[in-house]
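Novice: coords please:
(2 chains)
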There are 2 protein chains.
Amino acid sequence: MKEDILKSWNDSTARKSIIEFVKNVTTEGSTDFVPIKDRVATFDNDGTLWCEQPLQVQFFYVIDRIKVIAESNPEMKDTQPFKAFLEQDLKTISTFTKQQLMEFLFTAMGEKTPEELASAVKNWFETARNPKFNFSYYDCAFKPQLELLDYLRANDFKVFIVSGGGIEFMRVISEKIYGIPTDCVIGSSVKTEIVMNGTVPVINRLKELANFDDREEKVLNIHLHIGKRPILAFGNSDGDLAMLRYTLAGNGKRLALLLHHDDAEREVAYDRDFKISPLNEALDVAAAEGIQVVSMKNDWTRVF
Amino acid sequence: MKEDILKSWNDSTARKSIIEFVKNVTTEGSTDFVPIKDRVATFDNDGTLWCEQPLQVQFFYVIDRIKVIAESNPEMKDTQPFKAFLEQDLKTISTFTKQQLMEFLFTAMGEKTPEELASAVKNWFETARNPKFNFSYYDCAFKPQLELLDYLRANDFKVFIVSGGGIEFMRVISEKIYGIPTDCVIGSSVKTEIVMNGTVPVINRLKELANFDDREEKVLNIHLHIGKRPILAFGNSDGDLAMLRYTLAGNGKRLALLLHHDDAEREVAYDRDFKISPLNEALDVAAAEGIQVVSMKNDWTRVF
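Specialist: Below you'll find the predicted structure:
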């Protein structure tokens, strides 16, 4: 009989492997028992916790934001990469490299102080809607993943986001959407400096990347921010492979999961050809390296 | 009547200001009410949570560790700053600048992987003893501060360490001594890189400072690691002044505390002349800027 947990998951191998893992590491006396303080789980965000189609949420924020900035900088209308964003030319945008896009993104998110940026992002979330699914980005999270976060927390896991997305962008909504506090959100960041306003130190954001939290960098950031190797990690792209491998390489029982977007009907079927964040190598090595692939189509009874 | 909390605190202004603050921000309906998710408190470590006399704990670790390293590098016995550490020449050590000491420290903590460093530190803590007080460093924490951490957590605060000490060093003992999980410990760090062992990413520590978590840098690290302005901060030196000011500059009720080591009998009386980490400017501006000074001598009924 299916338990009253992970209700939006089919009773398939993926769901069983999660439940078996959690039972093993939380059962005192079990050889796989892990004390509460070491129950660290890390999740990628874009494409793992919420929908990244037709583009990552943060890009839609930037598209809207650039319009506002371009009003006082009309030359941007004829200059790439701004032109493509202003024209919502997704085809051209999709040819940009991930690194180029991220750097553009941080340029476009040019607010001087963290408070100003957070306020602009929050305002946008209040009204913006995903163009494909026509619902609020607040509703962009995958229902089965929200259940998984709850299930892990109910078993005394501490859950972290480790994403290539902007750390300040995600923190605006992480509590509301995922119940994940800001200090448990790790992401890409810009350099900052202190400017004194009299005796008060004020944080100024610089238009320069400090850290692009992708691939191997995710492992280094887990060490810097968490200081512990996760026992469970969940990703959906090659950008997550290092994190999954780092997780599996620890002693004792570990679980690494990889979401495969193979559901053209309920979401979008994509993997190797999604240039911004492809799933390619990770899919090839998953079986051999003990990474559990989760099929959106087969393992989830609902998506949103 | 004195409540059954903060028992090692005298019923003086300092204790009253803490209790009044906590009551204000946790009472629903109060104009000063702060939701649980925003109850962030940051504590300096050395000299605030535990004793930093005659030197910070981490320096005693380094003194012992350098002896081991010098066995295979005999030229170190005649070279400064190693010579002073090998001879436990505290007088010479006390003339080194903070920045010099930190850089030496990270050089001496040269283990390649985080696991190797953590293991060496843990082994040392099992037997090492403070030379002045002759007790284990596990017992170096101030009893009134442990009670304050408990009191804050009982009121749904999330407590962070924000210290100039090494982030990896502190994380080895933060759970055991303070009940503070590793991800809530922020400190100075070395640069790291990934080296692949087959398909497994391995973190390598480099002998280069990535971040010296002192003064204004504490504010930037609070933003990077926590993503929220604290509503309470506690320090004991000029290195904490920026953090205290940043805390007080937020909207709503805030509390900034400064421990003054004025107790020559039970600990050590020191402030302006402690070159490694002086308390000078912060003491001068405390009253004018609304920073609550805590006198070890007058406000604490016991120290350890």
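Novice: what about residue A:107, neighbour count?
Specialist: Counted with other C-beta atoms under 10 Å in any protein chain shown, the neighbours of residue A:107 add up to 17. Where C-beta positions appear, they are placed from N, C-alpha and C, glycine not excepted.
Novice: so what's it up against?
Specialist: Contacts for residue A:107 were tallied using C-beta atoms under 8 Å, 6 or more residues apart in numbering or on different chains; they are residue A:207.
Novice: is it true that it lies in a helix?
Specialist: Yes - Residue A:107 sits within a helix when classified using DSSP: H, G, I helix; E, B strand; the rest coil.
Novice: tell me the pLDDT at it?
Specialist: Here, the pLDDT recorded for residue A:107 equals 76.
Novice: how about the one 5 residues further on?
Specialist: Reported pLDDT at residue A:112 in the predicted model: 94.
Novice: report the secondary structure state of the closest residue to it other than its chain neighbours.
Specialist: Excluding the flanking residues, the one nearest residue A:112 by C-beta to C-beta, 6 or more residues apart in numbering or on different chains is residue A:204, at 5.7 Å. Following three-state DSSP, residue A:204 is assigned to strand.
Novice: check residue A:189 too.
Specialist: When the rule is three-state DSSP, residue A:189 gets the label strand.
Novice: most distant residue from the middle of chain A?
Specialist: residue A:198 (38.2 Å; C-alpha atoms, centre = their mean).
Novice: where's the most centrally placed residue in chain A relative to chain B, distance?
Specialist: By C-alpha atoms, centre = their mean, chain A has its centre lying nearest to residue A:45, at 1.3 Å. Separation of residue A:45 from chain B (C-beta to the nearest C-beta, to the nearest Å): 15 Å.
Novice: that residue against residue A:165, yeah?
Specialist: Yes - if you go by C-beta atoms under 8 Å, residue A:45 and residue A:165 touch, sitting 5.4 Å apart.
Novice: next helix or strand past the strand or helix carrying residue A:243?
Specialist: Assigned by DSSP states H and E, residue A:243 belongs to helix A:241-248. Counting by DSSP H and E, the element after helix A:241-248 in chain order, helix or strand, is strand A:255-260.
Novice: now the element after that following strand, going C-ward?
Specialist: Next along from strand A:255-260, by DSSP H and E: helix A:281-289.
Novice: give me the contacts around that following helix.
Specialist: By C-beta under 8 Å, 6+ apart, the residues outside helix A:281-289 that reach it are A:235, A:237-238, A:240-241, A:244-245, A:248, A:256, A:258, A:260, A:271-272, A:291-293, B:199.
Novice: over to stretch A:136-143?
Specialist: Outside stretch A:136-143, the residues that reach it (C-beta under 8 Å, 6+ apart) are A:8, A:49-51, A:57, A:60, A:125, A:128-130, A:133, A:173, A:176-178, A:300, A:302-304.
Novice: show the buried residues in these.
Specialist: For these, a burial check counting by 16 or more other C-beta atoms under 10 Å in any protein chain shown picks out A:8, A:49-51, A:57, A:60, A:125, A:128, A:130, A:133, A:173, A:177-178, A:300, A:303-304.
Novice: just these: which are in strands?
Specialist: Counting by DSSP state E, no part of the buried ones among the contacts of stretch A:136-143 is found in strands.
Novice: closest one of those to residue A:102?
Specialist: Among these, residue A:57 lies closest to residue A:102 (C-beta to C-beta), at 14.0 Å.
Novice: what's the closest residue to chain B within the stretch 201-304 of chain A sitting at in phi/psi?
Specialist: Chain B sits closest to residue A:227 of the stretch 201-304 of chain A, with a gap of 3.5 Å, by C-beta to the nearest C-beta. Main-chain dihedrals, residue A:227, degrees, to the nearest 10: phi 80, psi 20.
Novice: next one: the one 5 residues further on
Specialist: Dihedral angles of residue A:232 (phi, psi; degrees, to the nearest 10) stand at phi -140, psi 140.
Novice: any idea how far residue B:289 is from the residue farthest from the centre of chain A?
Specialist: 11 Å (C-beta to C-beta, to the nearest Å).
Novice: again with residue A:40
Specialist: Taking C-beta to C-beta, one finds residue A:40 at 39 Å from residue B:289.
Novice: more neighbours: which of these two?
Specialist: Just comparing residue A:40 and residue B:289: by other C-beta under 10 Å the higher neighbour count belongs to residue A:40, 24 against 15.
Novice: I appreciate the help and will end here.
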